[in-house]
Every structure is written in C-alpha cells, then in structure tokens.
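In: sequence isn't available, so here's the structure alone:
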C-alpha cells in the first residue's frame, strides 16, 4: 500500500498544535521587532528632523543598510550572537528602520510653516509644539511608515528561519528544501499562506489604527 | 470680560542682519507706536516691513536694538513669555488643522492655565465678537470653514488671552475682494472698541488709509520715509517715494478722510440737497459733481463749492504744519 500524503486541511488538522505555536512565535517576533522599530525609529526621526544635514546622514545610512541582502545580514549576526531569536530580531530591527525613520522625518517636516509660526508666536515652547502640533499632524504619515515597516518585517521574518528564528518560516523552508517528498507541499503552503494571512491581518490593523487615531480635522478632505 | 487696553511699543534702533548678507535687512529702525493706536507699516514688498514687525515678538530675533512694550524692555525676556501677551495674525492664518475651532481659540488661555469654564466662556465671547455663532462653529475643524471665516477665527485666537498688543501681517490679503472689505470694516470697528495697540503690515495703501490711525511709509531696509496720520501723508507727502506710493488722486482720497462733523460750514440751510453730517467731504464733493450748487450738511449748515475748496485748502495746510 502506498501511503498517501494528507491533503492541506488534513495536514493543518494533524499539525494544528505545532502550527499554532509557530504562529504565536511569528506574531511575538514581529510584535517585538515592530515595537523596537517604532520606538527607535520615531525617536530618531524626532531627534534629527530639524537639521537637514542630520536628516540626510540618517536616511542615507538606513538606505544603505536596507540594500544589504537579507541573508547576508542574518548570517552576519550569527557570528556574534549565534543562532535563534537574537540575530533574527537584530536583523529585522535594522531592516525596519528606513520606512519609519523616513516617514517620521517627512511628517514632522511637512507641517505648514504658517502653522509652526503661529504656534511659536502664541508662546508654545518647542517641546509643546512637537507634542501638541507636530506629532498629531505627522501621525498619519508616521502610521503609514509603521505599516510599511511591518510588512517588510513580515517578509523578512520568514527568511529569519534560516538563522533559527522562530515562526512559520520553518514550514516554508523545510517544505521548499524537500519539495517532492512526503508532505513537503503542505508544509510550503502552510508557511506561505500562514505568513501572508498574518501579514494581511497586521496590515488591516494599521489601516484601522490610522483611522482611529487621526484627528477628525485631518480626515476631512 | 473687561478688555486690556493697548500698551505703547517703542522700537529703538532695531536692526536685523542675516548671516552671509551684504547689508542689513532692517537698519536702525526707531519708532514709537502710541498705546491703543493702530499703526500700519506700508511699503513695497521686500522693504523689510514684515521683518520689522516680526522682531516685535521676536519670531525674528533682532541683531541689535531695543524693544520696549509698555515701558518695559522685552528685548531679552524669554520669547514664549513675551509672546503670550502679543496676539499674532498672519496672512496664511495658520490655524491648527487637527484641532476644533474652539480648541484653536483656546490655545493661549490653555497655555496660561485658565480653568475650563473661564476658557469656554471666553471662546464663546470671542467667536461672537468676530461674527461666528459659537453653537455652530465651536466643534468644527478649520478645513470646514471658508477662508474669510478661518481668518475670523485667526483674529479670535489672537485676542483670546486679551493681549495688549496685536501684530498683523497682511491678515486679509488672501481673501477675495468682497470678503476683504468686509473684514477690514469689521476689524476697524472692533479695534475702535478694543483699543489694542496694533501693528499692521500691508503693501496695500488703500488698506492703510482705511485702518490706520497712523501710517509708517517704509522703503528699503525698513527706512521710515514718513510717519503720520493718513491725512498728513495724503496732504503732505514727505518724500518722492511717499508721493509715488500715495499715487494719483491724493486729494480725492483725502476727501474721504475728512468728516463733515469737523469742518467749518456756512450758517443756515440754503441748499436743495442734504448730505448727512456723518459723511465725509467725499460725499459732499459727489453732490457738487452731480450738479448741486449748494448743499446742506445735515442740520449744521450749508456748503458752496468755493467753501468746500477753502475747507480742503485749510485741511491740507493744517496737516502740513502739524
């Protein structure tokens, strides 16, 4: 009797516990990375946005980082940090910087000069201008940056499995590397669809976040 | 809320030199702006009038010179403290688009830590003052208002904490001509009531005539060509530059500035046409052009064309020698 491989649904059913734990690991990884990226990226943007030379230096730097091939980057951190979460998180954090840093800078800098001028003419100190005027006005642009960063991180998080990073990438790669063998197609599909589905859910979350947290005054066309 | 009246502004040798430029943008500008008056800085674009105005609340820091407001030297007062007592209205308005109209107007009261009830009452009072119904507009956002309405909010926001001084940079310049004239007239009436000290920058001489208690005609580097009442400037332009700025038909414009209440008239009602004494010489002149020989000035008396010419000559010589 030839053992027939289970179809996708059966596979998911059989593997459910493992899939679920990989999904959770994947979500944890992405959440951790996006949290670090959000804090560091927005802070970087706030710190440099006023000075054009710094703006160019910082966006230039992260643009260069962004062009490093992802596998090379992941492998690079195996040296000092070994396999597992740490090199994956570091590499993803570095990749995720560019969109959020750039959007924070663009958002903060694109507040109308007249708005900035009247704010300071009314006696707001520069910290208050940043907090009460610039950040709320730049916020929709910053959220878009977060969203783009998040999608980027999802894409690369699959590759992070190569260095022992957690998540559905395992399924994708073990499936791909043994294509043709028993269950390999199911593994690949679970990996690919799983990551895509999670990415879409996160994307929808950011769309919602932008909507809910943007002032009504800015949403009016 | 009783309104704080204007304070005198004294500018002494105010100078602005930008780095890497050959000459001062504003050179040793000295001027005293009396308390409660509206002074218009008028001059061609690039003459430094806006720079000069913006040095008063130090949005542009002077390179040298002194600023005194109400006798107090504020040249080195922390800028944010100084600015909370100076209203500021600019052509681009600069309302905060993410805040409601009420929140925009409440900006400075909130900075000053007013309690909520007081701020709310003040916001309502101001919106009414500038002709916007608080019930309808408080919770709207700037983008939901027309340009003219936005600038009304801009004026309300500048007046919110009842500052002694108001700086206005071509505030009505971006509105359509009909709205502009309406805003100008309303603002003139408002200013007569509030008696703030206002520095008003424009390149529009008509606007300067309409609004100014005094006009400072400026040329390059904010050099004061002449500083006087509209009547003085029209009837006796001090330099050729002023003359060219005043333009044609200065006498005709002057007519519009002389109230029929102030002139000498001939006794008795002699004419067939009557001009109310609340009008100006301009309305009287129009009647003569229309063919009248003698006109009554309200109930004060009457005027012939010869008498009118005498009045004009007298007005001009008074202005010249004052």
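Out: Alright, I've got the coordinates. Only a predicted model underlies this, so the values are computations on that prediction, with no experimental measurement involved.
In: which element is the residue nearest to the spatial centre of chain A on?
Out: For chain A, the residue nearest the mean C-alpha position is residue A:150 (2.3 Å; Cα atoms, centre = their mean). Per DSSP states H and E: residue A:150 is located in helix A:135-159.
In: so for that helix, mean pLDDT?
Out: For helix A:135-159, mean pLDDT rounds to 92.
In: buried sites along it?
Out: Using 16 or more other Cβ atoms under 10 Å in any protein chain shown as the test for burial, helix A:135-159 gives A:135-154, A:156-159. For the C-beta atoms, the positions are set from N, CA and C on the backbone; glycine is no exception.
In: report all helices and strands that it contacts.
Out: On a contact count with 3 or more Cβ pairs under 8 Å, 6 or more residues apart in numbering or on different chains; DSSP states H and E, helix A:135-159 meets helix A:8-48, helix A:70-81, helix A:85-109, helix A:169-177, helix A:184-213.
In: nearest to chain B, out of the ones you listed?
Out: helix A:184-213 (11.1 Å; Cβ to the nearest Cβ).
In: packing partners for that closest one?
Out: Packing partners of helix A:184-213 (3+ Cβ pairs under 8 Å, 6+ apart): helix A:8-48, helix A:135-159, helix A:169-177.
In: just want the angle from that helix to helix A:135-159.
Out: With axes from the mean of the first three to the mean of the last three Cα atoms, to 10 degrees as the basis, helix A:184-213 and helix A:135-159 are set at 170 degrees to each other.
In: what residues does the next helix or strand after helix A:184-213 touch?
Out: Next helix or strand after helix A:184-213 toward the C-terminus (DSSP H and E): helix A:216-219. By Cβ atoms under 8 Å, 6 or more residues apart in numbering or on different chains, the surrounding residues in contact with helix A:216-219 are A:137, A:140, A:211, B:97, B:98, B:99, B:100, B:141, B:142, B:143.
In: quick one: buried residues of the worst-scoring helix or strand of chain B on mean pLDDT?
Out: When the helices and strands of chain B are scored by mean pLDDT, DSSP states H and E, helix B:250-255 comes last with a mean of 77. For helix B:250-255, the neighbour count (16+ other Cβ under 10 Å) marks B:250, B:253, B:254, B:255 as buried.
In: re earlier: please name whichever of the helices and strands packed on helix A:184-213 is nearest to residue B:57.
Out: Ranking those by proximity to residue B:57 (Cβ to Cβ) places helix A:135-159 first, at 22.7 Å.
In: and the closest one, how far from the chain's centre?
Out: 6 Å (Cα atoms, centre = their mean, to the nearest Å).
In: just checking, residue B:297 touches residue B:260?
Out: Yes. With contacts counted by Cβ atoms under 8 Å, residue B:297 reaches residue B:260, the gap being 5.2 Å.
In: common neighbours of the two, please.
Out: B:275, B:277, B:284.
In: lowest pLDDT pick from those?
Out: Among the shared contacts of residue B:297 and residue B:260, residue B:277 has the lowest pLDDT, at 83.
In: re the thing from before, the residue nearest to the centre of chain A contacts residue A:203, correct?
Out: Yes. If you go by Cβ under 8 Å, residue A:150 and residue A:203 touch, sitting 7.3 Å apart.
In: including distance to residue B:245, could the helices and strands packed on helix A:184-213 go into CSV?
Out: Supplementary listing: those in CSV, determined by distance: least, Cβ to Cβ, whole Å:
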stretch, distance to residue B:245
helix A:8-48, 46
helix A:135-159, 40
helix A:169-177, 75
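In: out of those, flag the one nearest residue B:207.
Out: Per Cβ to Cβ, nearest to residue B:207 of those: helix A:135-159, 31.8 Å.
In: spatially nearest residue to residue A:63, not counting backbone neighbours?
Out: Spatial nearest neighbour of residue A:63, excluding adjacent residues (Cβ to Cβ, 6 or more residues apart in numbering or on different chains): residue A:98 at 6.2 Å.
In: quick check, pLDDT for that neighbour.
Out: Confidence for residue A:98, expressed as pLDDT, is 95.
In: residue contacts, it?
Out: So residue A:98 contacts A:59, A:62, A:63, A:65, A:66, A:149 (Cβ under 8 Å, 6+ apart).
In: the third one: which element?
Out: When secondary structure is defined by DSSP H and E, residue A:63 falls within helix A:52-67.
In: how about the nearest residue to residue 158, chain neighbours excluded?
Out: The chain I'm using is chain A. Per Cβ to Cβ, 6+ apart, closest to residue A:158 is residue A:169, 3.9 Å.
In: I was after chain B.
Out: Closest to residue B:158 by Cβ to Cβ, 6+ apart is residue B:87, at 3.2 Å.
In: pretty sure the one you found sits in a helix.
Out: No. With DSSP: H, G, I helix; E, B strand; the rest coil as the criterion, residue B:87 is strand rather than part of a helix.
In: what pairs with it across the strands?
Out: residue B:166 (DSSP bridges).
In: give the contact list for it.
Out: B:158, B:159, B:160, B:163, B:165, B:166, B:167, B:196.
In: quick one on the thing from earlier: tell me which residues of the helix holding residue A:63 are tucked away?
Out: A:55, A:58, A:59, A:62, A:66.
In: what helices or strands is that helix leaning on?
Out: Using 3+ Cβ pairs under 8 Å, 6+ apart: helix A:52-67 touches helix A:8-48, helix A:85-109.
In: surely residue B:260 meets residue B:285?
Out: No. Under the criterion of Cβ under 8 Å, residue B:260 is not in contact with residue B:285, lying 11.0 Å apart.
In: could I get the contacts of residue B:87 as JSON lines with pLDDT?
Out: Putting the contacts of residue B:87 into JSON lines (pLDDT from 0 to 100) gives the following:
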{"residue": "B:158", "pLDDT": "95"}
{"residue": "B:159", "pLDDT": "94"}
{"residue": "B:160", "pLDDT": "94"}
{"residue": "B:163", "pLDDT": "94"}
{"residue": "B:165", "pLDDT": "95"}
{"residue": "B:166", "pLDDT": "95"}
{"residue": "B:167", "pLDDT": "97"}
{"residue": "B:196", "pLDDT": "94"}
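In: name the nearest residue to residue B:259, ignoring sequence neighbours.
Out: Nearest to residue B:259 is residue B:280, by Cβ to Cβ, 6+ apart, at 5.8 Å.
In: so what's the residue count around that neighbour?
Out: 18 (other Cβ atoms under 10 Å in any protein chain shown).
In: what's near enough to touch it?
Out: B:255, B:256, B:257, B:258, B:259, B:260.
In: and the nearest residue to the second one once chain neighbours are set aside, how many neighbours does it have?
Out: If you skip the residues right next to it in sequence, residue B:256 has residue B:282 as its closest partner in space, 4.2 Å away by Cβ to Cβ, 6+ apart. The number of residues packed around residue B:282, counting by other Cβ under 10 Å, is 16.
In: which parts of the helix or strand bottoming out on mean pLDDT in chain A are buried?
Out: Lowest by mean pLDDT, DSSP H and E among the helices and strands of chain A is helix A:169-177, with a mean of 80. Residues A:169, A:170, A:171, A:172, A:173, A:174, A:175 are the ones in helix A:169-177 that count as buried (16+ other Cβ under 10 Å).
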